[in-house]
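In: One predicted model, sequence on top.
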Amino acid sequence: MEFSKEEQEKLQGLRNKIVTDGTFPDFPKPGILFRDVFAITRDPESHRTLNEIFDYYSKKAIERGIQAVVAIDARGFLFGPVLALKIGVPFVPVRKRGKLPGNVRSVAYSLEYGEAVMEIQEGSIQQGFKVLVVDDLLATGGSLRAACELITKSGGVVHECLVVLELLDLKGRNLISAPVTSLLQF
Ligand SMILES: O=P(O)(O)OC[C@H]1O[C@H](OP(=O)(O)OP(=O)(O)O)[C@H](O)[C@@H]1O
Ligand SMILES: Nc1ncnc2[nH]cnc12
């Protein structure tokens, strides 16, 4: 997605915040350079700036006819509900195994520093709905791909994905067939 010059300047400020306050070598394992999105939410001015970017994104998402927002447990929940409110559509969670009640659909996946299982509640996505999938960060793409698979198997249509941070060298977007917008690239 295209951002205006004004938005690009705001995004540059947010990126600087991650560099100065949100970069941790060797966490949670040796060799992983952890990018901590809470560096933005901890700082009210940066948080407000990110919210303005979401205002802009949401207006465009309404024009594109997005009908539901799905976000990934846990850090995706910082942003998915806000976007769903701005767009005016349902927010649906995808959660790690064992957290969602009722009948669920599951998928095993791997991410940059481990393996896990994620789940979605049966009936939580209306058939044919155009879905925006949200997460804080795209690394290898394993998590986002698993979420997209759950949505598709539930009868939703993954229209687009939005992540705040993208780790470009891991090429995670290559695993995702829908268009992916990232706000800050590393
Ligand atoms: O692109 P990938 O290699 O799959 O990695 C990205 C995922 O890793 C992190 O989640 P994590 O499972 O650490 O969970 P958390 O949100 O509960 O901290 C992050 O929030 C993304 O969901
Ligand atoms: N390098 C990283 N930093 C923060 N969250 C992550 N999730 C997967 N890889 C990550």
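Out: Happy to help now that I have it. Keep in mind it's a predicted model, so treat the numbers as computed, not measured. Ligands and ions are numbered 1, 2, ... in the order given.
In: Can you name the residues bridging to Val70?
Out: Legend: beta-bridge partners of Val70 under DSSP bridges are Val92, Val133.
In: I figured it hits Val131, correct?
Out: Yes - the pair Val70 and Val131 passes the contact test of C-beta atoms under 8 Å, sitting 5.6 Å apart. C-betas here are computed from N, CA, C, even on glycine.
In: Can you give the distance from the helix ranked longest in the chain to the centre of its chain?
Out: When the chain is parsed with DSSP state H, its longest helix is helix 44-63. Mean-position distance between helix 44-63 and its chain equals 14 Å (C-alpha atoms, centre = their mean, to the nearest Å).
In: Which secondary structure elements does that helix sit against?
Out: With contacts defined as 3 or more C-beta pairs under 8 Å, 6 or more residues apart in numbering; DSSP states H and E, helix 44-63 has these neighbours: helix 5-21, helix 38-41, helix 80-87, strand 157-166, strand 180-185.
In: can we see that at 6 Å?
Out: helix 5-21, helix 38-41, helix 80-87 (3 or more C-beta pairs under 6 Å, 6 or more residues apart in numbering; DSSP states H and E).
In: Export these to JSON lines and append columns for distance to Tyr57 and mean neighbour count.
Out: Converted to JSON lines, the helices and strands packed on helix 44-63 look like this (distance: least, C-beta to C-beta, whole Å; neighbours: other C-beta atoms under 10 Å):
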{"stretch": "helix 5-21", "distance to Tyr57": "9", "mean neighbour count": "14"}
{"stretch": "helix 38-41", "distance to Tyr57": "15", "mean neighbour count": "19"}
{"stretch": "helix 80-87", "distance to Tyr57": "7", "mean neighbour count": "19"}
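In: Need those helices in CSV (columns: mean pLDDT and distance to ligand 2).
Out: Shown next, in CSV, are these (pLDDT from 0 to 100; distance: least, C-beta to the nearest ligand atom, whole Å):
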stretch, mean pLDDT, distance to ligand 2
helix 5-21, 97, 10
helix 38-41, 99, 10
helix 80-87, 99, 16
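In: would you list those helices in CSV and tack on distance to ligand 1?
Out: Output for these, formatted as CSV (distance: least, C-beta to the nearest ligand atom, whole Å):
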stretch, distance to ligand 1
helix 5-21, 14
helix 38-41, 10
helix 80-87, 11
